[in-house]
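Novice: Quick check, what structure comes out for this input:
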Amino acid sequence: MPNYNGVWSLTTQLQYASTWQGDNVAPFAQGLISGGKDTDGVLYNVTQSINVASAGNAVDFGDASAAHEEGCGFGNSTKAVIHLGYFSSAISSTVEVFTFGSAGDAVDFGDRSVTISEAFGNCNDTIGHISGGINASASNVIDRFVIASGGTGTSAASDATDSITPAASIGLFAGGYGNNAYNNVIDRLALASAGNATDFGDLTAVKLYVSNGGAASTTRGVWAGGVASGNRTNVIEYVTIASAGNATDFGDILAAVEGMAGCSNSTRGIFAGGAS
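Specialist: So this is what the prediction gives:
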């Protein structure tokens, strides 16, 4: 099994259905981690599932159409959608979808309205967002997708930062690169309707490459790791989603790591891969 260094995840509210034929585990407990690059610089198209509810190793779910990194994702009870990010030596607008209920490979879903990588995904049960990212410069574009039908993303709003923690009706963006500087800003986005992000609070420090997507319950949003003051950090921090305010210390991950994948169910968060 390759070492997935810098993998990126489908980190929305965890997908669920009555059965999970692929590995006989209830999908509500599952997170998907797609693609990534190993320590030798080799990209992968492998997509793995992990049981969030109990400890254990990831298992194979299927493949994306191309080996990729710096992507993102979102999903609902039937579909998991991924933006491939960077593949074939170029930045991509390609968006693909996995169908829950049985393991298998991704198929075409649509495209972003911009060609960009290092973006972040978020959704409620019907609408998904892919936000921000970077090409020649940082972007504040949020693309909006109808999960049931796919297609090219349409402009939903503008955001100021580039990391998202999912919740039922609110998306939180934290840290990253924007306005020609790294920042500690947390922005709030209402998922159900189009509109610009608003200020929510601040991270504990200016950070780049905090955990992609983070983890969340219905009450808390959590981010781990990243780069602060030029050094990788092991800090985990959280906010209370229902009320705006600054992040506070939650604890530490096992090592100082940047760019991990993140996923969660309502009680447990998982952070995977990354660069250390």
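
Novice: Number of residues surrounding Gly101?
Specialist: Neighbour count for Gly101, taken as other CB atoms under 10 Å: 15. Every C-beta, even on glycine, is put in place using the N, C-alpha and C of the backbone.

Novice: Could you check how far it is from Ile270?
Specialist: Here Gly101 is placed at a distance of 22 Å from Ile270 (CB to CB, to the nearest Å).

Novice: Next, the distance between the ends of stretch 255-272.
Specialist: Start-to-end span of stretch 255-272 (CA to CA, to the nearest Å) is 12 Å.

Novice: Next, the buried residues of it.
Specialist: Using 16 or more other CB atoms under 10 Å as the test for burial, stretch 255-272 gives 256-265, 268-272.

Novice: What is the most widely separated pair among those?
Specialist: Taking CB to CB as the measure, those span a maximum distance of 26.0 Å, between Ala256 and Asn265.

Novice: coming back round to it: min pLDDT across the buried residues of stretch 255-272, which one?
Specialist: Scanning those for pLDDT, the low point is Asn265. It has 77.

Novice: I'd guessed it sits against Ala53; true?
Specialist: Yes: at 6.3 Å, Asn265 and Ala53 qualify as touching, with contact defined as CB atoms under 8 Å.

Novice: End to end on stretch 198-216, go ahead and measure it.
Specialist: Stretch 198-216 stretches 19 Å from its first residue to its last (CA to CA).

Novice: in a strand, that's where Phe145 is, yeah?
Specialist: Yes: assessed by DSSP: H, G, I helix; E, B strand; the rest coil, Phe145 belongs to a strand.

Novice: burial count for it?
Specialist: By other CB under 10 Å, the residues close to Phe145 number 28.

Novice: right, and it touches Ser113 too?
Specialist: No: Phe145 lies out of contact with Ser113 (CB under 8 Å); the separation is 10.2 Å.
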